[in-house]
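1. predicted model and sequence follow; I will ask about them next.
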Amino acid sequence: MPINTTELGPGTLVLGAGALAVSAQLLGCKVVPSENVTTKAARKVLSGETLAESSSATYSATLQGKFLQDLGAAEAASVVAWSWANKGTEQPVTFVPNTAADSQVSGLIIPVPLQIGADEVETDMEADFTWRFAEFPDYDHTPVP
């Protein structure tokens, strides 16, 4: 198999039912899956037999990245205002890491309000974010023929 790689961008990130396109404010973005494995140890029972060890796994994911803060924008166009107005609610999201790659991740995220401010004056204000998916997101990849 030959080496293949895809760069981040140009792409899109669209938030919420009102379809807030925030790609121009986004410095970086990624979907990070995780696995939680629960294991039950083997146990001896009264008959002398052994109940075998068992394990199960669940999967979750977060949407992580960094925004440029946009405090002067109207609420309908501000990712900061959107995150504050929609905190703790399930919101649709579609993330396309690279439009030429014909791949996207979509699902429902639960936003946490973005930070406001910065550590230094006279610098662009940025906000890191980690938003949990309500359920494991969908990955759609349609290869170019």
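-> Done, it's in. The structure displayed is predicted, hence computed values, not measured ones. Numbering: from 1, shown residues only.
2. rest of the way, CA atoms for contacts and neighbours
-> Noted.
3. where does this structure have low pLDDT?
-> With pLDDT under 70 as the threshold, the chain has low-confidence stretches at 73-76, 143-145.
4. geometric centre of it: which residue is closest?
-> Within the chain, the residue whose C-alpha comes closest to the C-alpha centroid is Leu63; the distance, by Cα atoms, centre = their mean, is 1.3 Å.
5. elements contacting the helix or strand hosting it?
-> Taking DSSP states H and E as the criterion, the element that holds Leu63 is strand 54-68. In terms of contact count using 3 or more Cα pairs under 8 Å, 6 or more residues apart in numbering; DSSP states H and E, strand 54-68 is assigned the packing partners strand 26-40, strand 126-133.
6. the residue of the chain positioned farthest from its centre: which element?
-> Relative to the average C-alpha location in the chain, and by Cα atoms, centre = their mean, no residue lies farther out than Ser47, which sits at 49.3 Å. Here Ser47, judged by DSSP H and E, is contained in no helix and no strand.
7. please determine how far it is located from Ala41.
-> The spacing between Ser47 and Ala41, counted by Cα to Cα, to the nearest Å, is 18 Å.
8. what does Asp119 give?
-> Relative to Ala41, and taking Cα to Cα, Asp119 is found at 48 Å.
9. Phe67 contacts Asp128, doesn't it?
-> Yes: counting by Cα atoms under 8 Å, Phe67 touches Asp128, with 6.4 Å between them.
10. who has more neighbours out of these two?
-> Set side by side, Phe67 and Asp128 show unequal neighbour counts under other Cα atoms under 10 Å, the larger going to Phe67 at 22 against 15.
11. report the contact partners of the more buried one.
-> For Phe67, the contact set (Cα atoms under 8 Å, 6 or more residues apart in numbering) comprises 25-28, 126-129.
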